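In: Structure for this input, please:
(one chain, ligands or ions: 1)
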Amino acid sequence: MTKRRSIIAGNWKMYKTVSEAEDYAVRFLEEVKNVTELDIILCAPFTALYPLKTELEESVVHLGAQNMSWADQGAYTGEISAQMLLDVACTYVILGHSERRELFGETNEEVAKKVQKALATGLKPILCVGENLNIREEGKAAERVQAQVSHALSGLSTEELGRMVIAYEPIWAIGTGKTASSQDAQEMCATIRATLTGLMGEAAEQVPILYGGSVKAENIAELLAERDINGALVGGASLDPLSFAKLIHNAAYLGVCAEGTE
Ligand code: PGA
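Out: Here you go, the predicted structure:
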């Protein structure tokens, strides 16, 4: 089996003004314009999406948002709809990030509604799941992650499941400089794959599962070498265009080397 096509997604979180985003795009594209071995996604704050649409047009970089509403439109002050994201050329949307769950009280039910809405409108959800340190230490990490995956994906058709991207992000590894070991990350990604197999059979092999949590240029190759890790969701290390490009080049090089070896 050849290795699945990898995805490297940057999550800028609440960083970058419009002018900073534009400046980033110019410098970043210069570095990655010839990268065709993997899919590159930039998940930017809402205010930067429209300018990035212009900057990234016809480039190898796909645009994503970091959240959206489960509602179509209406009296939902402060919310952004799927249609609004499509309008600014987003193809992906991060849903259920642990910062949304922990700091803004997003529940599994809300995440599931958002996933359904994204799929219904044609956006590809990047569903984030992951356990905190207490849960890991109690030995309940797999149980927690399986529950998050099952909740978010319940009732979806095989075709819809095939348009999902899942990101495993252990909360204790986010922004801490403490990466999960590639074996631990692989183990959880394999658990997620098994949950997907239960829902959609063999087609689960094709669903990209990303790892996130202190991924950098130095550790990306080791993570991608694992069987069930198909890419990364990168926070802090995506904020500088040159270092993010370096991470992508390291990942692309590994992808080329891995082709045909499995
Ligand atoms: P980090 O964040 O790379 O800064 O750890 C990852 C994320 O939260 O998506």
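In: can we go C-alpha only for contacts and neighbour counts from here?
Out: Noted.
In: So what's the residue count around S181?
Out: A count of neighbours around S181, defined by other C-alpha atoms under 10 Å, yields 12.
In: Give me the phi and psi angles of it.
Out: Taking degrees, to the nearest 10, you get phi -70, psi 150 for the backbone angles of S181.
In: how close does it get to A65?
Out: Distance from S181 to A65, counting by C-alpha to C-alpha, to the nearest Å: 28 Å.
In: likewise R227?
Out: Distance, R227 to A65, using C-alpha to C-alpha: 28 Å.
In: between these two, which one's more packed in?
Out: A65 (29 against 14).
In: hang on, the more buried one packs against V93?
Out: Yes: taking C-alpha atoms under 8 Å as the contact criterion, A65 and V93 are neighbours in contact, 4.6 Å apart.
In: list the residues that contact both of those two?
Out: C43 (C-alpha atoms under 8 Å, 6 or more residues apart in numbering).
In: helices or strands next to the helix or strand hosting C189 in the packing?
Out: Secondary structure assigned from DSSP states H and E places C189 in helix 182-200. Applying 3 or more C-alpha pairs under 8 Å, 6 or more residues apart in numbering; DSSP states H and E, one finds that helix 182-200 contacts helix 141-153, helix 158-161, strand 165-168, strand 209-212, helix 220-224.
In: The ones you listed into JSON lines, with extra columns for mean pLDDT and mean neighbour count?
Out: Rendered in JSON lines, the data for those read as follows (pLDDT from 0 to 100; neighbours: other C-alpha atoms under 10 Å):
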{"stretch": "helix 141-153", "mean pLDDT": "96", "mean neighbour count": "19"}
{"stretch": "helix 158-161", "mean pLDDT": "96", "mean neighbour count": "16"}
{"stretch": "strand 165-168", "mean pLDDT": "98", "mean neighbour count": "24"}
{"stretch": "strand 209-212", "mean pLDDT": "98", "mean neighbour count": "29"}
{"stretch": "helix 220-224", "mean pLDDT": "96", "mean neighbour count": "21"}
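In: So which of these is nearest the ligand?
Out: The ligand lies closest to strand 209-212 among the helices and strands packed on helix 182-200, at 5.1 Å (C-alpha to the nearest ligand atom).
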